[in-house]
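Colleague: model this:
(chains A, B and C, ligands or ions: 2)
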Amino acid sequence: MSVTGRLREPALAKRHRIGKLFEWLCCGSTWFGVVVLLLLLLSVGWKAMTWPTADADAADRAAAMKTDAPSSAAATSARPLSTRFLTSYDSRIPQKAGIKAALWGSLWLLVFVGLATVPIGVGAAIYLEEYSNEGRWKRIIQVNLSNLAGVPSIVYGILGLTVFVRMFGLFGHDGKVLDLNLGFTVLAVPLPFERSVISGALTLSLLVLPTVIVAAQEALRAVPSSIRTASYALGATQWQTIRHQVLPAAMPGIMTGVILSLSRAMGETAPLIMIGALTYLARCPGHIDSVSSVWEHPTGLLEAPFDVFTSLPIQIFNWVSRAQPEYDHLAAAGIIVLLVVLMCMNTAAILIRNRFQRRTLW
Amino acid sequence: MTLMQSFSELMHQRQQRETVNRSRPVETEVTKLDVRNLNFFYGDKQALFDVSMRVAERSVTAFIGPSGCGKSTFLRTLNRMNDIIEGTGHNGRVLLEGQDIYARDVDVVALRKRVGMVFQKSTPFPKSIFENVAYGPRVAGQNQYKALVEIVEQSLKRAALWDEVKDRMNDSALALSGGQQQRLCIARALATNPDVLLMDEPASALDPASTARIEDLIFELKQNYTIVIVTHNMQQAARISDRTAFFFQGYLIEVDATQKLFTTPTKKQTEDYITGRFG
Amino acid sequence: MSVAQATSPLSIKRPSSLTRRVSWTRAREQIIRAVLFLCGALSLLTTAGIIIVLFTEAIYSFGGTAFFQSVSITDFLFDTVWAPQHPDHPRFGILPLLCGTFVIAGLGGLIGLPIGLASAIYLSEYAKPKMRRIVKPVLEILAGIPTVVYGYFALVFVTPYVLRPIFQTWLGFNVDIFNALSAGIVVGVMIIPTVCSLSEDALRAVPRGLREAGYALGSTKFDVSLKVVVPAALSGILASFLLAMARAIGETMAVTIAAGQQPRLTLNPFRGMETMTAYIVNISLGDTEAGSMEYKSLYAVALSLFVITLLMNVLAQWVLKRFREVYE
Ligand SMILES: Nc1ncnc2c1ncn2[C@@H]1O[C@H](COP(=O)(O)OP(=O)(O)OP(=O)(O)O)[C@@H](O)[C@H]1O
Ligand SMILES: [Mg+2]
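Modeller: Ligands and ions are numbered 1, 2, ... in the order given. Next up is the predicted model:
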């Protein structure tokens, strides 16, 4: 038997065939995710662009039932997803319903979750990475963080419900109102917070804090320790070193992590449902529904945090759980809006990350 | 020519240079740093064994010895940079002008302002050249821009870098060459106005020309600063230092005037090392 | 000394004494440190908050009656009917909810774990860099899609356009509009990114030398991947499985939307089921009065959910820790 012959054993050929099969299986699995994503986007996009055909008459009838039918006919649009959709409130007539209240609600949540998580998350990360000397505290907090990251979001909802919405029932059955006199206006702070923007934002903040902290820790760890050493050697104190050298160097990484965490918070539904955000709502928090309305009544900015709200995923869930098929299409339009918002945030995060990578020279 | 002879040669060249350069008499030696019976530990592992030595004011002291013998460790005990590493411990005393720098009430920040340090790998901050040099005075509380400009200029001049960078003070420090970066780090250390300057192999990553510039610089700086330098290059030690200390496996084997140590070492290990029999 | 001062032109003051003095800078350092510590300790407070809330409402209430002070634990764990709304005889057997949770998570696992692992193997052993550059972002997008969207996808696409044509029209099963299988499928898709990225990390951490040793013994790539690399990364893979399953069990919106609200003790994936999470959502959607048994049952269910997911997370971390010891 020749050498080449021996190198072509039939058993080996079979093994190669199995190997090839295995590779194809793995490759298929990898593309599975891509295919599902495409299917998801296509089906949502298709739904968002059409009204249900079979029930078109029924929808017409529903619209005609309303007294102001002639004018509303002009207001309805050919597709669920349209500019009208972005600028009108939820409605019992699917063709007139829009997502404005949810957009503003999500914006408020975003602002307050950001305000709460960035300082606390970065502060905690700094403590863990720069101050705690690998001691017991650090270990406890670190283990605790990874456990918190695994707690189902709905459990945070229950925490928020008890702590922020009801405040353990400490303020009686009807609650109290704390009037804060700010000089130019009196701000009424309801205690407990009830179903307000602030309750939702604080709940979401607790939910994403572990991820923000871990991301910030990674960014801090990526700063070479030679920078710290050099700074100490120049007689800088620890805080000066962190403030002037470590934080600026870690900032892009921290921002990336923060934005990704915020985008996760934007998509969270369950905790907000727990705190009772799922209601029919046809107004924006603090009655601020456009930039110009801020000029008209600036106190709305102060009232908004304590006002009721809805958010994009809540509004979507609201529509999904309604029976008429039109609402499925509205939900799809809402999903498109939500995905576009999240996509923008993620793109921002990626852009920051890429810039950072190019700039790093050490 | 044997090694010993080559060292004598070097010494001779140096003396000639020194007579030109010397601005003060040798006799007025003041002890700047006084280390007494220092033991140092990384966790359980002892890195320094009973080290005692004095460093004279406005002199250059070189530390030599094989890799891992504890030179850097010892250098870092002199401005307490080892405090940053967890689990380290020491006993014995280190006196800076008679004050124990490890005493309980010593502020390490104040100590490090007086005992500056330059590292083997140049570590410019990812900021502008100006910001790099101005950083030390800034954290020390100097916020007036005019004063900062003055300090930066003085420091860069002392580090012999001014002419090369004076037109690009706002460029990133990372855009400088390796040798320039190292001189920037020296300028940065000088800006805090220390009186002792510790250098850990400051020229080991540089080309011969940059190395020569740094050596010249050290020679200049000696007039105002007390300099302690770690080097692997024995010719370098011979060229620039007044006194040389030889470390071996955590022990200070021998410390003496450079000329004497290189020509007539008293210990066998020292001789073996400088003649290249090991290390 | 005086010479040094005189020749020094630099205008910054040299501290003459090394001794600490009371100063704003020093005080500030301490204050900042304390504030930062509080930030770090907030996470401990969160955990304490969760435990206290669940404990006082479910196990032992000071002053009031907690859930388990009126319902015995054996009833809760072994009764087979969950009917908290029943006007005369409310029954609180968690088994139907557990069943719903585990059937859906199990279906999700059946789909998500093998696919996730296979993609991890492909990405770490076979894929060219270009392919990785395409697929990794897609997986990241998949991980970033809100769960409510997955729920919608299951209800509006998977059930009517995939499951019903195949299983009802073709094979003759009766597929409810709300069913466990559609929920399981999207949960499976949801956990693919988790499994894939964590497993891939574990696979990539296997030293190159081990692979080369495998090839040197005349193994094919298939042999090396499956018999050398995967066993060597087994603990990391196992941890990723555990974390993914914990996520599947805690998953809320997709299962609430797709699997319905019928607590049902069945293994038939074509029927609607209610999971623990879906039950919690449904209670909070209705106008249940705070203080009623129904309201308290929410905390008992949440406590069970918390304990189960916590155990899985702790187990995963334990496995991961052992794994680290091997490679460092
Ligand atoms: N951070 C550390 N933790 C534990 N051991 C250390 C640490 N740094 C140094 N050592 C040990 O202390 C001993 C002395 O190290 P040191 O860095 O002082 O040597 P060195 O003389 O500077 O060597 P080189 O010439 O290579 O720089 C070595 O055995 C080293 O392994
Ligand atoms: Mg060294």
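Colleague: sec struct for the closest residue to A:Arg195 other than its chain neighbours, please.
Modeller: Nearest residue to A:Arg195, sequence neighbours excluded (Cβ to Cβ, 6 or more residues apart in numbering or on different chains): A:Gly276, at 4.4 Å. Heads up, the C-betas are built off the backbone N, CA and C, glycines and all. Under DSSP: H, G, I helix; E, B strand; the rest coil, the three-state class of A:Gly276 is coil.
Colleague: Then B:Gln142?
Modeller: Per three-state DSSP, the secondary structure class of B:Gln142 is coil.
Colleague: Next, the contact list for the residue nearest the centre of chain C, please.
Modeller: Centroid-nearest residue in chain C, with Cα atoms, centre = their mean: C:Arg247, separated by 2.6 Å. By Cβ atoms under 8 Å, 6 or more residues apart in numbering or on different chains, the residues touching C:Arg247 are A:150, C:190-191, C:194.
Colleague: Which element, helix or strand, includes B:Thr244?
Modeller: Assigned by DSSP states H and E, B:Thr244 falls within strand B:243-248.
Colleague: send the alpha carbons of that strand over as PDB?
Modeller: Extracted in PDB, the C-alpha atoms of strand B:243-248 (Å, rounded to 0.1, in the frame of the first residue of the first chain):
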ATOM      1  CA  ARG B 243      28.800  56.700  44.900                       C
ATOM      2  CA  THR B 244      27.700  53.300  43.900                       C
ATOM      3  CA  ALA B 245      25.800  50.600  45.800                       C
ATOM      4  CA  PHE B 246      25.800  47.000  44.800                       C
ATOM      5  CA  PHE B 247      22.800  44.900  45.700                       C
ATOM      6  CA  PHE B 248      22.600  41.200  45.600                       C
END
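Colleague: CA atoms only for stretch A:295-303, dumped as PDB, please.
Modeller: Only the C-alpha atoms of stretch A:295-303 are listed here, as PDB (Å, rounded to 0.1, in the frame of the first residue of the first chain):
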ATOM      1  CA  TRP A 295     -41.400  78.200  27.700                       C
ATOM      2  CA  GLU A 296     -45.100  78.500  28.300                       C
ATOM      3  CA  HIS A 297     -45.100  76.900  31.700                       C
ATOM      4  CA  PRO A 298     -41.500  76.200  32.900                       C
ATOM      5  CA  THR A 299     -42.800  74.900  36.200                       C
ATOM      6  CA  GLY A 300     -43.900  71.800  34.300                       C
ATOM      7  CA  LEU A 301     -40.300  70.800  34.400                       C
ATOM      8  CA  LEU A 302     -40.500  70.500  38.200                       C
ATOM      9  CA  GLU A 303     -43.900  68.900  38.200                       C
END
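Colleague: For C:Ile141, give me its contacts.
Modeller: C:Ile141 sits next to A:37, A:346 when contact means Cβ under 8 Å, 6+ apart.
Colleague: Where does it sit: helix, strand or coil?
Modeller: Put simply, C:Ile141 is helix when judged by three-state DSSP.
Colleague: on that earlier part again, please report how far the residue nearest to the centre of chain C lies from C:Phe78.
Modeller: According to Cβ to Cβ, to the nearest Å, C:Arg247 stands 28 Å off from C:Phe78.
Colleague: before we move on, the earlier item: and what about the residue nearest to the centre of chain C, helix, strand or coil?
Modeller: Using three-state DSSP, the structure places C:Arg247 in helix.
Colleague: Then B:Ala62?
Modeller: Going by three-state DSSP: B:Ala62 is strand.
Colleague: Burial check on it, number of neighbours?
Modeller: Residue crowding around B:Ala62 was assessed by other Cβ atoms under 10 Å in any protein chain shown; the count is 28.
Colleague: What's the per-residue pLDDT of it here?
Modeller: Listed pLDDT for B:Ala62 reads 94.
Colleague: you'd agree it is up against B:Thr258?
Modeller: Yes - between B:Ala62 and B:Thr258 there is a contact under Cβ atoms under 8 Å: 6.9 Å.
Colleague: what's the overlap in contacts for these two?
Modeller: Between them, B:Ala62 and B:Thr258 share these contacting residues under Cβ under 8 Å, 6+ apart: B:237, B:241, B:243-244.
Colleague: returning to that earlier point: so what's the residue nearest to A:Arg195 up against?
Modeller: By Cβ under 8 Å, 6+ apart, the contact list for A:Gly276 reads A:161, A:165, A:195, C:284.
Colleague: quick one: which of the residues you listed sit in helices?
Modeller: Per DSSP state H, helices hold the following members of these: C:Ser284.
Colleague: Show me which of the contacts of A:Gly276 is closest to ligand 1.
Modeller: Using Cβ to the nearest ligand atom, A:Leu161 comes nearest to ligand 1 of these, at 49.4 Å.
Colleague: show me what contacts that closest one?
Modeller: Going by Cβ under 8 Å, 6+ apart, the list of residues near A:Leu161 reads A:274-276, C:284.
Colleague: and the nearest residue to C:Tyr161 once chain neighbours are set aside, what element?
Modeller: Once flanking residues are discounted, C:Tyr161 sits nearest to A:Ser43: 7.7 Å by Cβ to Cβ, 6+ apart. A:Ser43 belongs to helix A:10-49 when assigned by DSSP H and E.
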